[in-house]
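Q: Sequence first, then the predicted structure, then my questions.
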Amino acid sequence: AQKITQTQPGMFVQEKEAVTLDCTYDTSDPSYGLFWYKQPSSGEMIFLIYQGSYDQQNATEGRYSLNFQKARKSANLVISASQLGDSAMYFCAMSPIKAAGNKLTFGGGTRVLVKP
Amino acid sequence: DTEVTQTPKHLVMGMTNKKSLKCEQHMGHRAMYWYKQKAKKPPELMFVYSYEKLSINESVPSRFSPECPNSSLLNLHLHALQPEDSALYLCASSQHPQGLAKNIQYFGAGTRLSVL
């Protein structure tokens, strides 16, 4: 079984500052993928960034970077230079990398509000 | 292009109605998913279609009936729903049905369903 924990239900961040969203996970699968999604109030789940458990480097996608610490089972998302449009719910998710599995397990989410 | 299109955006139905939700993708993806999301909660997987065949049913009540007419289309037929079925219904697709590395699920904007 897999479990994702996001301990920050909500947070404020000042525009143009960086923010770190915490995500810890638990799994018995040796190979897995970690994902971050953004969900604005409109409802769409927007894929942001992916990290494979065997990737040697931390993933980056524009202003998003993933601080992956495998031994600690954490995959924190860092958003640099926050913008007002970053206000949304953010979900961390994981999926095993194996033949029978492509089920995403989501954390409870963190709501981010960017202040001008 | 990573677009998944869902229609309608909003739906209000009575408990005796029959309605359908539609999802379409033209990315050549071979796996499609239905999720249910209640307010302030993460999405919950309902069904997975792999190569147009139902591969996962997460013990969903029979009043929800999925259908995959072809590799680009996914429907969710609704009948005799209950008020507690009111939620955001999200469709997603991924390139592969199996749990492969970087097998990202791309989501549509969802259908907000209200059952009266």
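A: Looks like it arrived, so ask away. Residues are numbered from 1 along each chain as shown, chains lettered A, B, ... in the order given.

Q: Got phi/psi on the residue most central in space within chain B?
A: By CA atoms, centre = their mean, the mean C-alpha position of chain B lies nearest to residue B:34, the distance being 2.6 Å. Backbone torsions of residue B:34, given as degrees, to the nearest 10, read phi -120, psi 130.

Q: who does whatever helix or strand residue B:54 lives in pair up with?
A: Under DSSP states H and E, the secondary-structure element containing residue B:54 is strand B:53-57. Using DSSP bridges, the strands paired with strand B:53-57 are strand B:44-50 (antiparallel).

Q: Spell out which parts of chain A neighbour chain B.
A: If contacts are counted using CB under 8 Å from any CB of the partner chain, the residues of chain A sitting beside chain B are A:31, A:33, A:35, A:37, A:42-47, A:50, A:52, A:91, A:95-104, A:106-109. Where you see a C-beta, it was placed from the backbone N, CA and C, and this is true even at glycine.

Q: if we can go back for a sec, report the contact partners of the residue nearest to the centre of chain B.
A: Contacts were defined as CB atoms under 8 Å, 6 or more residues apart in numbering or on different chains; by that measure residue B:34 touches B:23, B:45-47, B:66, B:74, B:76, B:89-91.

Q: is it in a bridge, and if so with what?
A: Going by DSSP bridges, residue B:34 is paired in beta bridges with residue B:47, residue B:91.

Q: Next: residue A:5.
A: Residues found in beta-bridge contact with residue A:5 (criterion: DSSP bridges) are residue A:24.

Q: my guess is it contacts residue A:74, does it?
A: No. Using CB atoms under 8 Å, residue A:5 and residue A:74 do not qualify as a contacting pair, with a distance of 9.6 Å.

Q: re the thing from before, tell me the two of the contacts of residue B:34 that are most distant?
A: For these, the maximum inter-member distance is 14.4 Å, found between B:23 and B:45 (CB to CB).

Q: what about these two, which has more around it?
A: Comparing residue B:23 with residue B:45 by neighbour count (other CB atoms under 10 Å in any protein chain shown), the higher total belongs to residue B:23, at 27 against 19.

Q: pLDDT value on the more buried one, please?
A: At residue B:23, the predicted lDDT confidence score is 98.

Q: Apart from its neighbours in sequence, what residue is nearest it?
A: Beyond its immediate neighbours in the sequence, the residue positioned closest to residue B:23 (CB to CB, 6 or more residues apart in numbering or on different chains) is residue B:91, lying 3.4 Å away.

Q: What about the one you found, how many residues nearby?
A: Burial of residue B:91 is recorded as 26 neighbouring residues (other CB under 10 Å).

Q: Please report the distance of it from chain A.
A: When distance is defined by CB to the nearest CB, to the nearest Å, residue B:91 is 10 Å away from chain A.

Q: Also residue B:93?
A: When residue B:93 is compared with chain A (using CB to the nearest CB), they lie 11 Å apart.

Q: Nearest residue to that residue in space, please, no chain neighbours.
A: In space, not counting the residues next to it along the chain, residue B:93 is nearest to residue B:29; the distance is 3.9 Å by CB to CB, 6+ apart.

Q: from memory the one you found sits against residue B:91, does it?
A: No. Between residue B:29 and residue B:91 there is no contact, the gap being 11.1 Å when judged by CB under 8 Å.
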